[in-house]
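Undergrad: have a look at this prediction, sequence included:
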Amino acid sequence: MASVKAEQKENRMHQKVDQKGKPNAKPGVIEWIVGTISALLVLAMIAFLLYQAFNSKEGIPSLVINVDQVMSREGGHHVEFRITNEGDATAAEVLVKGRLRDGDQVVEEREVTFDYVPGGAEERAALIFMNDPAGYDLEILPSGYREP
Amino acid sequence: MKGSRRSPTHQFLVGLARGFGGALIFALPMLMTMEMWWLGFYLDRFRLALLLIVNIPLLTLLSHHAGFEATFEWREDLRDALIAYGIGIVASVVVLWIFGIITSEMPLDETIGKIAIQSMPASIGALLGRSQLGGRKVKPEKGTPEETYASELFLMVIGSLFLGLNLAPTEEMVLISYKMTEWQAALLILLSVMLMHGFVYALEFKGESTLGPDTPWWSAFLRFTLAGYMISILVSLYVLWTFGRMDGQAATQILMAVVVLGFPASLGAAAARLIL
C-alpha cells in the first residue's frame, strides 16, 4: 500500500520535472513572500492588541453629545445629533433624553435608545420635537447605559 | 430509457436540481437569519452592488476549480458561474417569498435588496452543489507551482466565506468583540492559527496536500497556515465592511470584531479542502 503511494508520488514528481524542468518540492518565491507578509501582519495584530491591553485604562464609557442640525419637517422638528464615546468601554442600551425648556418649565421631552455605543465610536440619531427648538432652551443628555 | 438519461437536456436539468440543492444547503442559515433581511434594506447600496459584482469573478474562478478537466475555457466557466448566480437568485426569491419575508406590497428597493444580499451565498452554494452533489470534487489546479499555490489560497477564500458569511450578519459577532478584552482577542488569534495548522497537518496525512513529505513544519506553517489566516482575516474585514458593522468604530473595536469573525473564517479556510 505504502509502496503504491510512494510510486504515485514519484510519478507525480516526474511529471512535474518533465513539465517544468524542476521538481515541485521547492516552494516558489511567491510562497515565501506571501507567507512572510502574513506572518508580519499577524504579529502586528497581536502587538497592537497587546499595546491596547496595556494602555487601556479602567474602562467606563464617556459619552459626549453634539447637536448637528435641526431639520423642520411636516410632523416635527428633527434634532440630529452625534453621540461619541470617548472612553474605552462599550456602553449598551444608551438612553438619551432631550428636553425643551422655557425657563424652569419643561415644555417637551423626547428620548431615543442606542443599542451600542462602543468605546471610541460615534453614532448618529435624531430626536423629534413638536415645538420648534429655536424658541426654547434645548438640552440633550445621556441618562444611562448598561454594560454589554 | 437509457438513451434519454444521457441526453444533454436531462444532464442539464439534473445539474440545475443539484444547484438548487447546493444553494439551499449553503444559504438556508442566512435565509433564516433576520439580520440578513434587515441588511437587505439598510445596507449601503454601493457596497451591496460591489458585493454582487465581486461575486462574478469569484464564481467564475470557483467554476474553473469545480470543472471536469483542467482545460481552462473562460467562456464556459463564466457561463456556469452565471447559471449558478441565476439559481441562487431564484432559490432566494422562492424561499424568502414562502417565508413571507418578501411580499408584493413591499417597495421594490427593499425586495431587491433582500434578494440581492442572499443571492451571493446562494450562488456559491449552487455552484458547489452542481459539482459536489455530482460526485466531483473542488480541487486545486495542477499547474506551475505558482498556479497551484494561488489556487490553494483561492480555495481558502471560498472556505472562509463558507463559514464567515454564515456568522457575519449576526449581532453576536460585534457583541462578542465588546465582551472580550484585548488579551482574549490576542489569545484568539493564537488559537485560530494553532487550529488552522492542525487542519493543514491533517490534510498532509490524508495525502491530499501539495506539501512534500520532507517539508519542515515551519515551512508549511508560514506558507499555508499564516497565509491562510491572513486570507480569512481579509475576508472577515471585507464582509464586516460590506455589512456596515464597522462604520464609526474605533480601530481596536474593528480589529477585535475581525479577529472574532476570523475564528470561524479561518477554520473554514483550513478545512476548505475537507468540506468543499
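TA: That came through fine.

Undergrad: okay, now the domains of the chain?
TA: All of this is about chain A. Here chain A is described, according to automatic domain parsing, as comprising the domains A:2-55, A:63-146.

Undergrad: think we crossed wires, I meant chain B
TA: In the recorded assignment (automatic domain parsing), chain B comprises B:1-138, B:143-276.

Undergrad: averaged pLDDT, the longest one. What do you get?
TA: Per-region confidence: domain B:1-138 scores 87 on mean pLDDT.

Undergrad: just the helices in the stretch 51-200 of chain B please.
TA: Taking DSSP state H, counting those that start in this stretch as the criterion, the stretch 51-200 of chain B contains helices spanning B:74-98, B:108-132, B:145-167, B:172-179, B:182-206.

Undergrad: would you confirm that A:R99 belongs to a strand?
TA: Yes: A:R99 forms part of a strand when assessed by DSSP: H, G, I helix; E, B strand; the rest coil.

Undergrad: and chain A, which of the domains of chain B is closest to it?
TA: Proximity to chain A, assessed across these by Cβ to the nearest Cβ, is greatest for domain B:143-276 (2.7 Å). The way it works is simple: take the backbone N, C-alpha and C, and place the C-beta from them, glycine included.

Undergrad: roughly how far is that closest one from the heart of the chain?
TA: Remark: domain B:143-276 is offset 12 Å from the chain centroid, using Cα atoms, centre = their mean, to the nearest Å.

Undergrad: pick out the residue of chain A closest to chain B.
TA: Counting by Cβ to the nearest Cβ, chain A gets nearest chain B through A:G120, at 2.7 Å.

Undergrad: find the nearest non-adjacent residue to that residue, please.
TA: Using Cβ to Cβ, 6 or more residues apart in numbering or on different chains and skipping the chain neighbours, the partner closest in space to A:G120 is B:A250 (2.7 Å).

Undergrad: try A:N66
TA: Computed as Cβ to Cβ, 6+ apart, the closest residue to A:N66 that is not its neighbour in sequence is A:R82, at 5.0 Å.

Undergrad: then B:M196?
TA: Excluding its sequence neighbours, the residue lying closest to B:M196 (Cβ to Cβ, 6+ apart) is B:A270, at 4.1 Å.

Undergrad: mind checking how far that neighbour is from B:A150?
TA: Taking Cβ to Cβ, to the nearest Å as the criterion, B:A270 is separated from B:A150 by 17 Å.

Undergrad: which one's more surrounded, those two?
TA: With other Cβ atoms under 10 Å in any protein chain shown as the criterion, B:A270 and B:A150 differ in neighbour count, and B:A270 comes out ahead with 29 against 17.

Undergrad: surely that one is in contact with B:G159?
TA: Yes: contact status for B:A270 versus B:G159: in contact at 7.3 Å, counting by Cβ atoms under 8 Å.

Undergrad: how about residue 36, what does it touch?
TA: Because you didn't say which chain, this covers chain A. Taking Cβ atoms under 8 Å, 6 or more residues apart in numbering or on different chains as the criterion, A:T36 is in contact with B:L222.

Undergrad: try again with chain B
TA: B:M30, B:K114, B:I117, B:Q118, B:P169.

Undergrad: hmm, which two among those are most spread apart?
TA: B:K114 and B:P169 (12.2 Å; Cβ to Cβ).

Undergrad: ok so, going back, the contacts of B:M36 into CSV, with extra columns for neighbour count?
TA: Putting the contacts of B:M36 into CSV (neighbours: other Cβ atoms under 10 Å in any protein chain shown) gives the following:
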residue, neighbour count
B:M30, 24
B:K114, 24
B:I117, 25
B:Q118, 27
B:P169, 25
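
Undergrad: could the residues you listed go into a markdown table alongside distance to chain A?
TA: What follows is the contacts of B:M36, written out as a markdown table (distance: Cβ to the nearest Cβ, whole Å):
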| residue | distance to chain A |
| --- | --- |
| B:M30 | 21 |
| B:K114 | 21 |
| B:I117 | 21 |
| B:Q118 | 24 |
| B:P169 | 15 |
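
Undergrad: out of the helices of the stretch 51-200 of chain B, deepest packed?
TA: The highest mean neighbour count among the helices of the stretch 51-200 of chain B belongs to helix B:108-132 (a mean of 23), with neighbours defined as mean count of other Cβ atoms under 10 Å in any protein chain shown.
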